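**Student:** Provided below for reference: sequence and predicted model.
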Amino acid sequence: MSDYQTILYAEQDGAATVTLNRPQRLNGIINTMMRELYTALADVAEKDHIKVVQLTGAGKGFCPGADLNAYSSDTPQERLNKQHFHITTLLHEMPKVTVAAINGACAGAGFGWACACDLRYAAAGASFNSAFLDVAISGDMGGPWTLPRIVGAQRARELYFMPGKFSAEDALQMGLVARVFADDDFRREVASIVERLAASAPLAIADMKKNFADAERMGLRDYIELETERHQRVGASGDTQEAFKAFVEKRTPQFKGR
């Protein structure tokens, strides 16, 4: 984990933070970053002790999409496999709550990654843009799949077909982000949210994430069957019994993941 060149990875108390780390380029994407981000997310998806994954950017930017200077230069990029484009799939489907902490410019593929997360929070100074059509690209990272589910079909199409920069407040008004925090308070506020998520009952929060992912691809009758099976299994766990007891006794529950 310590050998990454373009991202940072850290764990604390059931939460993992993946930081895009090319601040001199506002965390613009190069192929090495794609590979490293996919590798880190695929690894953390398998870690039972992690309940929440935060994706954010170092410095002033979240991720403005591809580093066009790098891709226009004579310096060759490392080759990617098709699996590396499934960063979006990992963020959306891994049995962890994924949180996009959008601290600055969020555009292109970075915009797609943010849309793939379960929760999005923005600093007041953050800005957004689909940006693909401005550089004659049809788009990647799943935005046309995720964004209509967040803001509606027509608004999502307009954001893609009519690209342009919009503010964190605009993002809040259209429901793209859940909350906007003052720039000076942003990191502390998101850390508090991540800490609360990480303290949740591990079996329940993992299956809740799976419920949302499965609901998108299943008919209601089949989904209810699966949801009920999970509900009954988790409800019979020691963690649920502990949560009931702690509620009655007015204390903080101690979860063991079983």
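**Tutor:** Received the coordinates, thanks. Residues are numbered from 1 along each chain as shown.

**Student:** Please list the residues outside the least confident helix or strand in the chain by mean pLDDT that contact it.
**Tutor:** Of all helical and strand segments in the chain, the minimum by mean pLDDT, DSSP states H and E falls on helix 68-72, at a mean of 88. With contacts defined as Cβ atoms under 8 Å, 6 or more residues apart in numbering, helix 68-72 is touched by 25, 28, 30, 77, 135. The C-beta positions use only the backbone N, C-alpha and C, and glycine is treated the same way.

**Student:** where's the dip in pLDDT among the residues you listed?
**Tutor:** In terms of pLDDT, the least confident member of the contacts of helix 68-72 is residue 77, at 84.

**Student:** Domains of this protein: list them as residue ranges, please.
**Tutor:** Per automatic domain parsing, the domain ranges recorded for the chain read 7-198, 202-249.

**Student:** Return the mean pLDDT over stretch 39-49, rounded to an integer.
**Tutor:** Model confidence over stretch 39-49, given as mean pLDDT, is 97.

**Student:** Grab the CA positions of it and hand them over as PDB.
**Tutor:** As requested, C-alpha coordinates have been extracted for stretch 39-49 and formatted as PDB (Å, rounded to 0.1, in the frame of the first residue of the first chain):
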ATOM      1  CA  THR A  39      -6.000  -1.800  -7.200                       C
ATOM      2  CA  ALA A  40      -6.700   0.100  -3.900                       C
ATOM      3  CA  LEU A  41     -10.400  -0.100  -4.200                       C
ATOM      4  CA  ALA A  42     -10.400  -3.800  -5.200                       C
ATOM      5  CA  ASP A  43      -8.200  -4.500  -2.200                       C
ATOM      6  CA  VAL A  44     -10.300  -2.600   0.300                       C
ATOM      7  CA  ALA A  45     -13.500  -4.200  -1.000                       C
ATOM      8  CA  GLU A  46     -12.300  -7.500   0.400                       C
ATOM      9  CA  LYS A  47     -11.400  -6.200   3.900                       C
ATOM     10  CA  ASP A  48     -14.100  -7.200   6.400                       C
ATOM     11  CA  HIS A  49     -13.000  -4.700   9.000                       C
END
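
**Student:** Now do the buried residues in it.
**Tutor:** Going by neighbour count (16 or more other Cβ atoms under 10 Å), the buried part of stretch 39-49 is 39, 40, 41, 44, 45.

**Student:** With secondary structure added, can I get these in JSON lines?
**Tutor:** Converted to JSON lines, these look like this (DSSP: H, G, I helix; E, B strand; the rest coil):
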{"residue": "39", "secondary structure": "helix"}
{"residue": "40", "secondary structure": "helix"}
{"residue": "41", "secondary structure": "helix"}
{"residue": "44", "secondary structure": "helix"}
{"residue": "45", "secondary structure": "helix"}
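
**Student:** I'd like those laid out as JSON lines, including distance to residue 252.
**Tutor:** As requested, the buried residues of stretch 39-49 are exported to JSON lines (distance: Cβ to Cβ, whole Å):
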{"residue": "39", "distance to residue 252": "35"}
{"residue": "40", "distance to residue 252": "31"}
{"residue": "41", "distance to residue 252": "30"}
{"residue": "44", "distance to residue 252": "26"}
{"residue": "45", "distance to residue 252": "28"}
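
**Student:** Closest one to residue 170 out of those residues, please.
**Tutor:** Closest approach to residue 170 among these (Cβ to Cβ): residue 41, at 28.2 Å.
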